[in-house]
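Student: attaching a predicted model along with its sequence, questions to come.
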Amino acid sequence: MKKLLLATTAAALTATGAIAGGHISEVKIGIALGFTGPLDSLAPPMENGAKMAIDEINESGLFVDGATISSVSGDSTCVDAAAAVTTAERLITAEGINGLVGAMCSGATGAILTNVSIPNGMVQISPSATSPGLTTLEDNGLFYRFAPSDARQGELISEILNEKGIGSIALTYDNSDYGKGLADAIQSAFEASGGTVTLSAAHESAKADYSAEVGALASAGGDMLVVAGYADGGGAGIIQSTLDSGAFDAFFLPDGMISDTLSDAFGADLEGAIGTRPAAAGPGRDKFGEMAEAAGFDGNSSFAGEAYDAAAVMLLAMHKASSIDPADYNGEILGIANAPGETIGVGELARAIELINEGVEINYEGASSVELIGPGEAGGRYEELMIEGGDFKTVTFR
């Protein structure tokens, strides 16, 4: 990800204005997620994950100057770039946020970054945007993501297909930055490994009838249908039409399709379907699940842990910088998120602040084993899943 010199702009000045005589009394974190659109079922657990990190730091009473942290949420949708930009503008200019967690989907994320975050000098951390195009987007050093690029997911899907003895696939993808980027990565990796893509075709997110799209895929044929879509949008429509017609009996479901709404609707008919999503095994994931359950939400929902991590890293960077000005704390994010340092897991944010106060370096791993392999880019691990007994079940982590 190309990094330019960080600009001092309107939002940075606004953030600085929240400090009276060097004393910080209130901090506000914006949360911009797709509460409506083709992946809306994932937004509430992600919002709850970010809020859980905020609550944990508030309860410690240790945040810089004893400041109180609050959050304000907005709907970035998944596919409406104009709505995403409007939401981000409101959060930054009207609500006066000091950092932005979001957006959820790649198109909305890129639109906000280009049109709002960069002009306003606002730090933006997406828990879930995966389009390879975001890697090379000029971002003035303001953008980070805690889910890995789909360039890697494409390679992983190809590896799994080869391991399963799948020689040919038909591929359909949501007509969005996310869908096109992932489909290109899958096709490139699979064909490079000797596989055949019989057809790669886009589908729209909100149609009443997908029989024409499924008919074209069926005519092309293949050992398996790969649906790089959204579980609450066109991807579900493709699945329904495919099941109705009997066009395919084997399915691969990348991360945008991994949702309880999909398994609840089709699980019994998708037995044996394979899926992948960014996720890390280990104590951080398990601890996050326990804390989320106690807080009343599903910690296993895709990207909920990454949202907790995004808010946590942003706030710890503010604390280390003793500033809520993005121009000040942005420079601390990479150090907080990477080794060397004392490892910080889920539920250990008070300990992290205490170590920072003592001058000890920390290595935040959190719920998703955070590691930034380049400026702003997540390394990331993946979970391989399979629908068994009507539900998504973990097969292994890669």
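Tutor: That came through fine. The structure presented is a predicted model; accordingly, all values stated were derived computationally and were not measured.
Student: name the SS class of the residue most central in space within the chain, please.
Tutor: Centroid-nearest residue in the chain: residue 128, 0.7 Å away (criterion: C-alpha atoms, centre = their mean). Look at residue 128: counting by DSSP: H, G, I helix; E, B strand; the rest coil, its state is coil.
Student: OK, contacts around it?
Tutor: 42, 46, 104-105, 145-147, 302-303, 306-307 (C-beta atoms under 8 Å, 6 or more residues apart in numbering). All C-beta atoms are positioned from the backbone trio N, CA, C, and that covers glycine.
Student: now it: closest residue in space, sequence neighbours ignored.
Tutor: residue 303 (4.0 Å; C-beta to C-beta, 6 or more residues apart in numbering).
Student: which of the three states applies to residue 243?
Tutor: Using three-state DSSP, the secondary structure recorded for residue 243 is helix.
Student: I figured residue 181 hits residue 152, correct?
Tutor: No. The pair formed by residue 181 and residue 152 falls short of the contact definition of C-beta atoms under 8 Å, at 11.7 Å.
Student: looking at the two, which is more packed in?
Tutor: Under the criterion of other C-beta atoms under 10 Å, the comparison of residue 181 against residue 152 puts residue 181 first, with 25 against 20.
Student: in which helix or strand does the more buried one reside?
Tutor: With elements taken from DSSP states H and E, the one containing residue 181 is helix 177-192.
Student: quick one: mean pLDDT over that helix.
Tutor: Averaging pLDDT along helix 177-192 yields 98.
Student: tabulate the CA atom coordinates of that helix in PDB.
Tutor: Extracted in PDB, the C-alpha atoms of helix 177-192 (Å, rounded to 0.1, in the frame of the first residue of the first chain):
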ATOM      1  CA  ASP A 177     -15.200  -4.300  -6.000                       C
ATOM      2  CA  TYR A 178     -15.300  -7.200  -3.600                       C
ATOM      3  CA  GLY A 179     -16.800  -9.700  -5.900                       C
ATOM      4  CA  LYS A 180     -14.700  -8.800  -9.000                       C
ATOM      5  CA  GLY A 181     -11.500  -8.700  -7.100                       C
ATOM      6  CA  LEU A 182     -12.000 -12.000  -5.400                       C
ATOM      7  CA  ALA A 183     -13.300 -13.700  -8.700                       C
ATOM      8  CA  ASP A 184     -10.200 -12.500 -10.500                       C
ATOM      9  CA  ALA A 185      -7.900 -13.800  -7.800                       C
ATOM     10  CA  ILE A 186      -9.700 -17.200  -7.800                       C
ATOM     11  CA  GLN A 187      -9.600 -17.600 -11.500                       C
ATOM     12  CA  SER A 188      -5.900 -16.500 -11.800                       C
ATOM     13  CA  ALA A 189      -4.800 -18.900  -9.100                       C
ATOM     14  CA  PHE A 190      -6.900 -21.900 -10.200                       C
ATOM     15  CA  GLU A 191      -6.000 -21.600 -13.900                       C
ATOM     16  CA  ALA A 192      -2.300 -21.200 -12.900                       C
END
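Student: now it: buried residues?
Tutor: 177-187, 189-190 (16 or more other C-beta atoms under 10 Å).
Student: nearest to residue 209 among those?
Tutor: Closest approach between the buried residues of helix 177-192 and residue 209, by C-beta to C-beta: residue 179, at 19.0 Å.
Student: for that closest one, which non-adjacent residue is spatially closest?
Tutor: With C-beta to C-beta, 6+ apart, the residue lying closest to residue 179 is residue 173, at 3.7 Å.
Student: part of a helix, is that neighbour?
Tutor: No. Counting by three-state DSSP, residue 173 is located in no helix; its state is strand.
Student: thanks a lot, see you next time.
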